[in-house]
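K.L.:
Next come a sequence and a model predicted from it.
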Amino acid sequence: PFPAWLHSVGENKWYVNDAYCKAFGIHRDTFWQGVNILAMYPAEIAAKYVQHDMKVVESNMGSLFTEQVSKNVMQHDPQSEFECDIYKMPIVAGGKRYIFGLAKLGHDVWGNKLATISD
């Protein structure tokens, strides 16, 4: 139920689930249609994403980060930015490095409200 993605580190492509598309205004035809999220954010925000991803790759451990996100990634508007807790962990599949990401939005499994787009 949470926005989730796989970031193909070597290709700068994000493979996003349906919850991600709905939460952040992304259009893609299938899960395997990669999206370049870095190209859609200002340089300072994109650099922070990369910094966090590289920290996860180098440590080979999952970590929780607070990152700036936008309610509509495709039409970035600084007025729509908010902070969100993002969990990232390294994955290797088929010899490729990925970062699995999960945005803590909506409700947890116990029904407690987490950050939402409207907060």
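P.N.:
Done, it's in.
K.L.:
So what's the residue count around the nearest residue to Asn72 once chain neighbours are set aside?
P.N.:
Spatial nearest neighbour of Asn72, excluding adjacent residues (C-beta to C-beta, 6 or more residues apart in numbering): Gly25 at 3.6 Å. Glycine gets a C-beta too; all of them are placed from N, C-alpha and C. Neighbour count for Gly25, taken as other C-beta atoms under 10 Å: 16.
K.L.:
pretty sure Gly25 is touching Gln75, no?
P.N.:
Yes - here Gly25 reaches Gln75: they are 7.1 Å apart, a contact under C-beta atoms under 8 Å.
K.L.:
Test of understanding: give the bridge partners of the residue lying closest to Asn17 once chain neighbours are set aside.
P.N.:
Counting by C-beta to C-beta, 6+ apart, Asn17 lies nearest to Ala4, which is 4.9 Å off, once chain neighbours are set aside. Taking DSSP bridges as the rule, Ala4 bridges to Leu102.
K.L.:
Report pLDDT for Ala4.
P.N.:
Per-residue pLDDT puts Ala4 at 92.
K.L.:
My guess is it contacts Tyr20. True?
P.N.:
Yes - with contact defined as C-beta under 8 Å, Ala4 and Tyr20 form a contacting pair (6.3 Å).
K.L.:
intersection of neighbour lists for the two?
P.N.:
Common contacts of Ala4 and Tyr20 (C-beta atoms under 8 Å, 6 or more residues apart in numbering): Ala103.
K.L.:
more crowded one of the two?
P.N.:
Per other C-beta under 10 Å, whichever of Ala4 and Tyr20 has more neighbours is Tyr20, with 25 against 16.
K.L.:
Against which helices or strands is the lengthiest strand in the chain packed?
P.N.:
Using DSSP state E, we find that the single longest strand of the chain is strand 81-93. Helices and strands touching strand 81-93, as assessed by 3 or more C-beta pairs under 8 Å, 6 or more residues apart in numbering; DSSP states H and E, comprise helix 43-59, strand 63-70, strand 96-103.
K.L.:
Out of those, which one sits most buried?
P.N.:
Mean neighbours per residue, mean count of other C-beta atoms under 10 Å, is largest over the helices and strands packed on strand 81-93 for strand 96-103, with a mean of 19.
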